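Visitor: Starting from these lines, generate the structure:
(one chain, ligands or ions: 1)
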Amino acid sequence: NGLMKVWKGKSHDVFSPVCLEKKTGPTRVLVGSYPVCGEKEALEALDAAENAYDNGRGEWPTMSVADRIKCIEKFTQRMIEKREEVAKLILWEIGKSYTDSLKEFDRTVEYIYATVDALKDLDRQSSGFQIVDGIAAQIRRSPLGVVLCMGPFNYPLNETYTTLIPALIMGNTVLFKPPKHGSLLHFPLLEAFAECFPKGVVNSVYGRGADIIPPLMKSGRINVLTLIGSSKVADQLKKLHPKVNRLRAILGLDAKNAAIVTANADLDQAVKECITGALSFNGQRCTALKIIFVHKSVVDEFNQKLVAAIGKLKVGMPWEDGVNITPLPEPQKPIYLQDCLKDALKHGAKVLNENGGEVNESFVYPAVIYPVTEKMKLYREEQFGPIIPVLPFLRIEEPIDYLIDSPHGQQVSLFSSDSEELAKLIDPLVNQVSRVNINSQCQRGPDVFPFTGRKDSAEGTLSVSDALRSFSIRSLVAAKL
Ligand code: G3H
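Guide: Coordinates of the predicted model:
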């Protein structure tokens, strides 16, 4: 890429989770390299974003909504030309299947178009005047300043853009740091940003987060921090800002979403949803089902069906058709998952399926672990991998108490065919989490729905239209009549 041709500093080689057989044995494929910026470059990028914002007087924050939309639309056209190139980079960098990599790309393009439509609606609502007590007022949405965006490795394009695009379109300037796994795929789009937006409006900074993010936060010049990642990191970063009361944080964080399968559930449907809910992209989704409570009277039948369904999954390379389980990008993850398994076995659980939890290079075979108890790591820790902890319950209060005691509060899946039972449970559940999925898996989409969480799982709300509100302030132009 052009950037690496001009970069004179240190660089970082990116290796794929995909291992290919070489003379020396299985070897991770080298995908490319990116520049390793330090504090100096990070602060220069911040200067550029701040200069472009120019305390709200810059070309971008004062540009009409219609003109900002033109820039975004032009960018999207350029982006579409890069579809296959970006999807292939997603595949190689994070091991996501090619089909899902293309889906991630297409979902992002759809998200941008939906955001443009939502902004047009919002702008129509703001264009009129209200007259109250002799004051004519126009209620607008105004930008907040410089936004620092950090997306996660599991949706390196989509979840970077679900914050970057709304932040941008509302007139903010942006500084984004791509995730460690999933960074090269942004390169083909950097030129399009430079071509479609005024200078300094979109800036990227590559390198070790631990080196470049703290100086940015400590500078006190970041107005909005947006991060889809870990609750611990978000907490640490917020604390670095010298005036945290002036910082807005829009965060999508840890989650330990539970499924509750009652005695009245359609078990075939519950198993189908739990399989995709727990194992899509190898369970590496914040919305993944990470623990399953099943009523004692049906748990054996549920487990048999779950094990049979897992047996039909295809473990393979991300370019293979119909592949379900692919290599994991984080080199330490197989070790962590095996540690969780050992801990569960030590405390009396069993792996119910053949090969469950086995590691082969960067592959981890999906595992059903039963019965999980509160002594085990898998009971509370967010495994973020292809391991399904199952536990039996007798009284419905047991899974509800689990949710009440949890530090997380993103989503829950409730399986029952009894409408009266469902009706009774919805309120207690929706008061613990931010979304209750009836007879279906947990998920973020469709993207027009609000995406948030309670407790340590989120701050602020994302979705096509909520994000526009999150990255702006409701302001007033008022004239005395
Ligand atoms: O990792 C968290 C993502 O927001 C999950 O999104 O439910 O669309 O896969 P998804």
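Visitor: The longest helix along the chain and the ligand in contact?
Guide: If you go by DSSP state H, the chain has its longest helix at helix 98-127. No: Helix 98-127 lies out of reach of the ligand by C-beta under 6 Å from any ligand atom, never closer than 7.9 Å. C-betas here are computed from N, CA, C, even on glycine.
Visitor: So for that helix, what gets flagged as buried?
Guide: Across helix 98-127, burial judged by 16 or more other C-beta atoms under 10 Å covers 98-102, 104-105, 107-109, 111-112, 114-116, 118-119, 122-123, 126.
Visitor: How about stretch 210-221?
Guide: For stretch 210-221, by 16+ other C-beta under 10 Å, it's Ile212, Ile213, Leu216, Met217, Ser219, Arg221.
Visitor: Likewise for stretch 319-337?
Guide: Quick answer for stretch 319-337 (16+ other C-beta under 10 Å): Val323, Asn324, Ile325, Thr326, Pro327, Leu328, Pro329, Glu330, Lys333, Pro334, Tyr336, Leu337.
Visitor: could those residues go into a markdown table alongside secondary structure, pLDDT and distance to Arg395?
Guide: Formatted as a markdown table, these follow (DSSP: H, G, I helix; E, B strand; the rest coil; pLDDT from 0 to 100; distance: C-beta to C-beta, whole Å):
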| residue | secondary structure | pLDDT | distance to Arg395 |
| --- | --- | --- | --- |
| Val323 | coil | 98 | 40 |
| Asn324 | coil | 98 | 35 |
| Ile325 | strand | 98 | 35 |
| Thr326 | coil | 98 | 39 |
| Pro327 | coil | 97 | 41 |
| Leu328 | coil | 98 | 37 |
| Pro329 | coil | 97 | 40 |
| Glu330 | coil | 96 | 38 |
| Lys333 | helix | 97 | 35 |
| Pro334 | helix | 97 | 37 |
| Tyr336 | helix | 98 | 33 |
| Leu337 | helix | 98 | 31 |
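Visitor: which of those sit farthest apart?
Guide: By the measure C-beta to C-beta, Val323 and Tyr336 form the most distant pair in those, at 22.9 Å.
Visitor: The helix or strand that comes right after the longest helix of the chain pairs with which strands, parallel or anti?
Guide: Using DSSP states H and E, the helix or strand that follows helix 98-127 towards the C-terminus is strand 130-132. If you go by DSSP bridges, strand 130-132 pairs up with strand 135-142 (antiparallel).
Visitor: residues in contact with Pro399?
Guide: Counting by C-beta atoms under 8 Å, 6 or more residues apart in numbering, Pro399 touches Ala258, Ile260, Phe293, Phe393.
Visitor: okay, whichever strand or helix holds it in PDB with CA atoms only?
Guide: Here Pro399 sits within helix 397-405, counting by DSSP H and E. The C-alpha coordinates for helix 397-405 follow below in PDB (Å, rounded to 0.1, in the frame of the first residue of the first chain):
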ATOM      1  CA  GLU A 397     -35.900 -17.300  39.600                       C
ATOM      2  CA  GLU A 398     -32.500 -19.000  39.200                       C
ATOM      3  CA  PRO A 399     -31.600 -17.500  35.800                       C
ATOM      4  CA  ILE A 400     -33.300 -14.300  36.700                       C
ATOM      5  CA  ASP A 401     -31.200 -14.000  39.900                       C
ATOM      6  CA  TYR A 402     -28.100 -14.800  37.700                       C
ATOM      7  CA  LEU A 403     -28.900 -11.800  35.500                       C
ATOM      8  CA  ILE A 404     -29.600  -9.600  38.600                       C
ATOM      9  CA  ASP A 405     -26.200 -10.500  40.100                       C
END
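Visitor: what about it, distance to the chain center?
Guide: Centre-to-centre, helix 397-405 and its host chain are 25 Å apart (C-alpha atoms, centre = their mean, to the nearest Å).
Visitor: For that helix, what does the pLDDT average out to?
Guide: Per-residue pLDDT over helix 397-405 has a mean of 98.
Visitor: For Val351, which non-adjacent residue is closest in space?
Guide: Ala367 (5.2 Å; C-beta to C-beta, 6 or more residues apart in numbering).
Visitor: count of neighbours near that neighbour?
Guide: When neighbours are defined as other C-beta atoms under 10 Å, Ala367 has 25 of them.
Visitor: doesn't Lys350 make contact with it?
Guide: No: checked against C-beta atoms under 8 Å, the pair Ala367 and Lys350 is beyond contact range at 10.1 Å.
Visitor: what bridges to the residue nearest to Val351?
Guide: Bridge pairing for Ala367 - DSSP bridges - gives Ile387.
Visitor: Just the pLDDT at it, thanks.
Guide: pLDDT, Ala367: 98.
Visitor: list the contacts for it?
Guide: So Ala367 contacts Leu341, Val351, Leu352, Asn353, Gly356, Gly357, Pro386, Ile387, Ile388 (C-beta under 8 Å, 6+ apart).
Visitor: farthest-separated two in these?
Guide: Leu352 and Pro386 (13.8 Å).
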